[in-house]
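Visitor: would you be able to build a 3D model of this:
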Amino acid sequence: MKKNIDEKMIYITEYDMTRLEEVLAIAAMNAKRDFKHLEGLTKELMKAEIVDSTEIPSNVITMNSKVLLDDLENNQRKEYILVFPKEADIEQNKVSVLSPLGTAMIGCRVGHILRVKTPTGERRMKVQKILYQPEKAGDYHL
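Guide: Numbers count the residues shown, from 1 in each chain. Alright, predicted model coming up:
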């Protein structure tokens, strides 16, 4: 089967996958709205290549990674940290993996263009740099 040119191969560590499956199960049981968004994350995870934490490429966004994104719509650059829902705090730029931006970020690599659906329409953001990746730093179970 030929891949759609817009599809990107994403990578997820075994540890992140296990935790994300748990988070999705809980979120699905408690979802009062936006269940379609949870389905989107589930589809992303289903097509991901699962790798050991020690083998994840250093240019891949994993959970707790700190990344630099360029907003291609307004030419602004901003740092974000991808976190689990309980740790999300927009004041500290900690973005939940269950948010549209977080779902777009997980498993992507430097250079990828993220397409993020927002209430005002779709935004495109480019992964410019990974400032911190737990696995590269040897922090395997944060």
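
Visitor: how about the most centrally placed residue in the chain: what's its closest non-neighbour residue?
Guide: Ranked by distance to the mean C-alpha position of the chain (Cα atoms, centre = their mean), the top residue is I106 at 2.0 Å. With Cβ to Cβ, 6 or more residues apart in numbering as the criterion, I106 has its nearest non-adjacent residue at 5.6 Å, and that residue is V97. Where you see a C-beta, it was placed from the backbone N, CA and C, and this is true even at glycine.

Visitor: that neighbour against A104, yeah?
Guide: No - judged on Cβ atoms under 8 Å, V97 makes no contact with A104 at a distance of 10.0 Å.

Visitor: and L38, how many neighbours?
Guide: For L38, the count of nearby residues is 17 (other Cβ atoms under 10 Å).

Visitor: list the contacts of it.
Guide: When contacts are counted by Cβ atoms under 8 Å, 6 or more residues apart in numbering, L38 touches L24, A27, A28, A31, L98.

Visitor: now the biggest helix by length in the chain: buried residues?
Guide: Using DSSP state H to assign secondary structure, the helix with the most residues in the chain is helix 14-30. For helix 14-30, the buried set under the neighbour-count rule, 16 or more other Cβ atoms under 10 Å, comprises Y15, D16, M17, L20, V23, L24, A27.

Visitor: check contacts around the fourth one.
Guide: With contacts taken as Cβ under 8 Å, 6+ apart, L20 has the following neighbours: I12, L41, L45, M63, V97, I106.

Visitor: give me the buried subset of those residues.
Guide: When those are checked for burial by 16+ other Cβ under 10 Å, the buried set is I12, L41, L45, M63, V97, I106.

Visitor: can you pull the contacts of the nearest residue to the first one once chain neighbours are set aside?
Guide: Residue nearest to I12 in three dimensions, not counting chain neighbours: A48, with 4.4 Å by Cβ to Cβ, 6+ apart. When the contact criterion is Cβ under 8 Å, 6+ apart, the partners of A48 are I10, Y11, I12, M17, G107.
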